[in-house]
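S.K.: okay, sequence plus prediction incoming.
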Amino acid sequence: MVRVRFAPSPTGFLHIGSARTFIFNWLYARRSGGAMILRIDDTDIGRNTEASLQSIYEGLHWLELEWDEEYRQSERLELHRKLAEAIFEKGLAYRDFTPAQAGEGERERTEGAWLANAEMRELPRAESDRRAAAGEPFALRYRVPRDPERTIRFDDAVYGEQAKSTADIEDFALLRSDGLPTYHLASCADDADLRITNVVRGQDHLSNTFKHVLIFEALAVEPPRFAHLPLLVAPDGMKLSKRKHGPVVSVTTYRDAGFLPHAFVNFLCLLGWSPKDDRERMSRQELIGAFSFEGINRSNAVVNFKEDDPFDPKALWLNAEHIRALPVEELTERLLPFAAAAGFNTDRAKLLRITPLIRERIRLLSDIATVADFFFVKELASYEASELIPQKGDAALALAVLQHACRVLSETPFEHDPLEAALRKAAGDLNIKTGQMFQPVRVAVCGRKNAPPLFATLEALGRDVSLKRIAQAIEKLQ
RNA sequence: GGCGCUAUCGUCUAACGGUUAGGACGGAGCCCUCUCAAGGCUCAAAUACGGGUUCGAUUCCCGUUAGCGCUACCA
């Protein structure tokens, strides 16, 4: 039974790289009929925030990603301590009474010194026990095999065979001097206890994995299968960080801008993974069906955002693709909150008529605010009278067109086909091109030149509004 | 500094020794057309560099360079 986990530390808003890690875990779990576990890695109590925790839940819920089990490391500290103790009793760890380094300061890197605290490593057990009993604080360090040195190995599902000499692994901490477990210990202890079969996480943990293999060995449990994911980086090649790159790395930014959760998941999947058959837009089922570790790349992927445009153009395109693939009813449902946020007075029934007119013209759900405003506002924003003048025409022609349109429209049924027939005939009456006929009418009713097809627009707007706006345009021209 | 990982169009990627190095986004152009979109077609655009191995390297090996990661009693 496959068991995978996503283990965020609640120290900031949900990062898109974290979301992607969740997704790859989830895809693998769903594909193999396994369990998806959410484990909150909150052992660093000082840095945890409730807001961050909420942001994780919020982001995951928005993405419509669900999990089967949930744990908090802070509630499992007994287990961590017990296992650390067991490792110590086996002689595979030692107490380090060196006071914790204050501040970050430059550490001396004289040859080998960083590897271990030789004095503490060799401290006789009796003395170690005495000092501990006397209440002297200590950190517990893993006693990495030195003599003879060994090669630690594991087979990464993405990066292949990995090997590292113990001569290059430092005596890392298992327990801090306040008794709390470090990430390495807590993570491995929980992975072992929760019977995690596959650890899928960011490549920044690739070199840590050797330490983890050592911990599993000390715990006498078979390590899980590892799969490391290439990192998401900024256009300058730097690892995406909440601090440096701000809102563009936050999942909620994409939600608020009007990305469809499935489109965003689709986009994230295509960063560092490929179905290898040129498919781009994929449904969730297709993603689950196509997912494999073999499809994962080994090099970092750039999220192509810019300062003036926070969204990767491909993400925008993919979102538009998903929008166009959505049934009108569902798209309308998704659009409703964005229409409300734009201050539009609307209801489901009205929006249902407008959705088909804008679905090919929006890339983000929030685009409804700028693309469909004229369907909702009472008064059109003011525009230049010159906009009403058609190609190869003048104000007089515009005026003639609008006056004629006014007469024709007041006696034409406001439905697509009759409107088209009437306005085409009107162009004939005036002996002008259809474009010259349509453009002034379009500007009059929409307030601008670029808008959805005219007849459907008129139909959606209705006779009263259309005629009123044409009358106002005529006034503007006089 | 040490250790590790990576390197194909601007970006995301395909090609697991033999291809005119493919697709997508973005860009340019054309077509369609009542405008804008959408759609269709076309074009420009890449194997970091140097050595090997091989009849033949994007692909395998070594080196260089560059980038990234780890090197905390953070995760």
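M.R.: Yes, it's here.

S.K.: go ahead and confirm A:Phe13 touches A:Tyr57.
M.R.: No - A:Phe13 is beyond contact range of A:Tyr57, at 11.4 Å (criterion: Cβ atoms under 8 Å). Where you see a C-beta, it was placed from the backbone N, CA and C, and this is true even at glycine.

S.K.: neighbour-wise, which of these two wins?
M.R.: A:Phe13 (21 against 14; other Cβ atoms under 10 Å).

S.K.: chain neighbours aside, what residue packs nearest to that one?
M.R.: Excluding the flanking residues, the one nearest A:Phe13 by Cβ to Cβ, 6 or more residues apart in numbering is A:Ser55, at 4.1 Å.

S.K.: only C-alpha atoms, please: export stretch A:390-406 in CSV.
M.R.: Below are the C-alpha coordinates for stretch A:390-406, written out as CSV (Å, rounded to 0.1, in the frame of the first residue of the first chain):
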residue,chain,number,x,y,z
PRO,A,390,-16.4,54.4,-38.9
GLN,A,391,-13.5,53.7,-41.2
LYS,A,392,-13.5,56.0,-44.2
GLY,A,393,-16.3,58.0,-42.8
ASP,A,394,-16.9,61.2,-40.9
ALA,A,395,-19.1,62.5,-38.1
ALA,A,396,-22.0,63.0,-40.5
LEU,A,397,-21.9,59.4,-41.6
ALA,A,398,-21.7,58.2,-38.0
LEU,A,399,-24.7,60.3,-37.2
ALA,A,400,-26.6,59.0,-40.2
VAL,A,401,-25.8,55.4,-39.2
LEU,A,402,-26.9,55.8,-35.7
GLN,A,403,-30.1,57.6,-36.6
HIS,A,404,-31.0,54.9,-39.1
ALA,A,405,-30.0,52.2,-36.6
CYS,A,406,-32.2,53.8,-34.1
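
S.K.: is it anywhere near RNA strand B?
M.R.: No - using Cβ under 7 Å from any atom of the strand, stretch A:390-406 never reaches RNA strand B; the gap is at least 8.5 Å.

S.K.: re the thing from before, can I get the host helix or strand of the residue nearest to A:Phe13 in PDB? Just the C-alpha atoms.
M.R.: Using DSSP states H and E, the element containing A:Ser55 is helix A:50-62. Extracted in PDB, the C-alpha atoms of helix A:50-62 (Å, rounded to 0.1, in the frame of the first residue of the first chain):
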ATOM      1  CA  GLU A  50      -1.600  30.300  12.800                       C
ATOM      2  CA  ALA A  51      -2.100  32.400   9.700                       C
ATOM      3  CA  SER A  52       0.400  30.300   7.800                       C
ATOM      4  CA  LEU A  53      -1.500  27.100   8.800                       C
ATOM      5  CA  GLN A  54      -4.700  28.700   7.600                       C
ATOM      6  CA  SER A  55      -3.000  29.700   4.300                       C
ATOM      7  CA  ILE A  56      -2.000  26.100   3.800                       C
ATOM      8  CA  TYR A  57      -5.600  24.800   4.300                       C
ATOM      9  CA  GLU A  58      -7.000  27.600   2.200                       C
ATOM     10  CA  GLY A  59      -4.700  27.000  -0.700                       C
ATOM     11  CA  LEU A  60      -5.200  23.300  -0.700                       C
ATOM     12  CA  HIS A  61      -8.900  23.600  -0.500                       C
ATOM     13  CA  TRP A  62      -8.900  26.100  -3.400                       C
END
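
S.K.: what's the spacing between it and its chain's center?
M.R.: Centroid separation between helix A:50-62 and its chain, computed with Cα atoms, centre = their mean, to the nearest Å, is 12 Å.

S.K.: list the helices and strands that helix packs on?
M.R.: Secondary-structure packing of helix A:50-62 (3 or more Cβ pairs under 8 Å, 6 or more residues apart in numbering; DSSP states H and E): helix A:16-32, strand A:35-40, helix A:251-257.

S.K.: first-to-last residue distance for stretch A:231-240?
M.R.: Its first and final residues considered, stretch A:231-240 spans 8 Å by Cα to Cα, to the nearest Å.

S.K.: sort out which residues of stretch A:246-260 are buried, please.
M.R.: A:Val248, A:Val249, A:Ser250, A:Val251, A:Thr253, A:Tyr254, A:Arg255, A:Asp256, A:Ala257, A:Gly258, A:Phe259, A:Leu260 (16 or more other Cβ atoms under 10 Å).

S.K.: could you pull up the mean pLDDT of it?
M.R.: In this model, stretch A:246-260 carries a mean pLDDT of 94.

S.K.: against A:Gly59, how distant is A:Arg47?
M.R.: Using Cβ to Cβ, to the nearest Å, A:Arg47 is found at 19 Å from A:Gly59.

S.K.: what pLDDT does A:Ala102 get?
M.R.: On the pLDDT scale, A:Ala102 is placed at 50.

S.K.: how far away is the residue nearest to A:Leu477 when sequence neighbours are not counted from RNA strand B?
M.R.: Leaving aside its sequence neighbours, A:Leu477 sits nearest to A:Leu399 (Cβ to Cβ, 6+ apart; 4.9 Å). According to Cβ to the nearest atom of the strand, to the nearest Å, A:Leu399 stands 19 Å off from RNA strand B.

S.K.: please apply the same query to A:Lys164.
M.R.: According to Cβ to the nearest atom of the strand, A:Lys164 and RNA strand B sit 5 Å apart.

S.K.: wait, what's in contact with that residue?
M.R.: Neighbour list for A:Lys164: A:Thr151, A:Ile152, A:Ser207, A:Phe210 [criterion: Cβ atoms under 8 Å, 6 or more residues apart in numbering].

S.K.: that older thread, what subset of the buried residues of stretch A:246-260 is also close to RNA strand B?
M.R.: Counting by Cβ under 7 Å from any atom of the strand, nothing from those sits close to RNA strand B.

S.K.: quick check: the farthest pair among the residues you listed?
M.R.: Farthest pair in those (Cβ to Cβ) is A:Val249 and A:Leu260. Separation: 19.2 Å.

S.K.: what's the helix or strand for the spatially most distant residue from the centre of chain A?
M.R.: Computed with Cα atoms, centre = their mean, the residue of chain A farthest from its C-alpha average is A:Asp429, at 55.9 Å. Assigned by DSSP H and E, A:Asp429 belongs to helix A:416-430.

S.K.: which positions in the stretch 1-150 of chain A make contact with RNA strand B?
M.R.: The stretch 1-150 of chain A has residues A:7, A:9, A:41, A:43-44, A:47, A:96, A:98-101, A:107, A:109, A:114, A:137-139 near RNA strand B, with proximity defined as Cβ under 7 Å from any atom of the strand.
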